[in-house]
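> mind folding the following:
(chains A and B)
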Amino acid sequence: KNEVEQSPQNLTAQEGEFITINCSYSVGISALHWLQQHPGGGIVSLFMLSSGKKKHGRLIATINIQEKHSSLHITASHPRDSAVYICAVTGNQFYFGTGTSLTVIP
Amino acid sequence: DAGVIQSPRHEVTEMGQEVTLRCKPISGHNSLFWYRQTMMRGLELLIYFNNNVPIDDSGMPEDRFSAKMPNASFSTLKIQPSEPRDSAVYFCASSLAETQYFGPGTRLLVL
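Numbering: from 1, shown residues only, chains lettered A, B, ... in the order given. This is a model prediction of the structure:
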């Protein structure tokens, strides 16, 4: 069993749609990270959360510590949002989800 | 700032050879991370340093892997001897607070 589970694994959306990617974890954590990996391979850290909600532009990340669940939302999605989104948690160790591959179609 | 710099960007080597990957973190950052990414295992944290001191190396696969950070502006990840299963993309990242900034990665192929 993976310590971090993401869903869906793959997601295709029309430009402008509201997108939600989910992350559930089974270990105690001190923080949760959302990463974005572009088709060229580069990785960008989007958020680090330990509670509540954070917003950056069209991206919103939430975390529910009691339910061990986080969501990443993208409002008004755009083709340039096409990427793999990876959830990672830090506690005693780092654990990574397998990623959600998002494709936004114009 | 140029961001996190990694070299080489690509490396092809033969099994048994020594491989050294290099990383220059963003100036002023006090934490440095080495990650490995493969299709089979995804992203994995190998080791991270805080103020040049290794804090957690539990992700280092085996004794063939070693990492050093002799000063705040330079780190190396060495594989000796290399094996085909070490083929992966190796990322270095640095941070000062919450956000990690990733380098472009080194794509390693061990034949």
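> pLDDT-wise, which helix or strand of chain A ranks last?
Lowest on mean pLDDT, DSSP states H and E among the helices and strands of chain A sits strand A:94-96, with a mean of 89.
> for the helix or strand encompassing A:C87, what is the distance to the chain centroid?
Using DSSP states H and E, A:C87 sits in strand A:83-90. With C-alpha atoms, centre = their mean, to the nearest Å as the basis, strand A:83-90 stands 5 Å off its chain's centre.
> how far does stretch A:81-97 stretch from start to finish?
19 Å (C-alpha to C-alpha, to the nearest Å).
> next one: stretch A:61-78
For stretch A:61-78, the end-to-end distance is 17 Å (C-alpha to C-alpha).
> the least confident helix or strand of chain A: what's the following helix or strand?
Assignment by DSSP H and E places the next element after strand A:94-96 at strand A:100-105.
> hmm, that following strand touching chain B?
No - using C-beta under 8 Å from any C-beta of the partner chain, strand A:100-105 stays clear of chain B, coming no nearer than 11.9 Å. Yep, even glycine has a C-beta here, placed from its N, CA and C like the rest.
> hmm, B:G105 and A:G41 touching each other?
Yes - if you go by C-beta atoms under 8 Å, A:G41 and B:G105 touch, sitting 5.9 Å apart.
> shared neighbours of those two, anything?
Residues touching both A:G41 and B:G105 by C-beta atoms under 8 Å, 6 or more residues apart in numbering or on different chains: B:V89.
> more neighbours: the two, which one.
Each of A:G41 and B:G105 has its neighbours counted (other C-beta atoms under 10 Å in any protein chain shown); B:G105 has more, 23 against 14.
> tell me the pLDDT at the more buried one?
Per-residue confidence (pLDDT) for B:G105: 96.
> isn't it up against B:Y90?
Yes - assessed by C-beta under 8 Å, B:G105 is found in contact with B:Y90 at 6.4 Å.
> common neighbours of those two, please.
B:Q6, B:Q37.
> how close does the residue lying closest to A:E17 once chain neighbours are set aside get to A:Q37?
Computed as C-beta to C-beta, 6 or more residues apart in numbering or on different chains, the closest residue to A:E17 that is not its neighbour in sequence is A:S77, at 5.2 Å. Distance from A:S77 to A:Q37, counting by C-beta to C-beta, to the nearest Å: 17 Å.
> give me the beta-bridge partners of B:A67?
Beta bridges link B:A67 to B:L77 when assigned by DSSP bridges.
> list the residues that contact it.
By C-beta under 8 Å, 6+ apart, the neighbours of B:A67 are B:W34, B:L46, B:I47, B:F49, B:P54, B:D57, B:M60, B:S75, B:T76, B:L77, B:K78.
> give me that answer again for 7 Å
In this structure, B:A67 makes contact with B:W34, B:I47, B:P54, B:S75, B:T76, B:L77, judged by C-beta atoms under 7 Å, 6 or more residues apart in numbering or on different chains.
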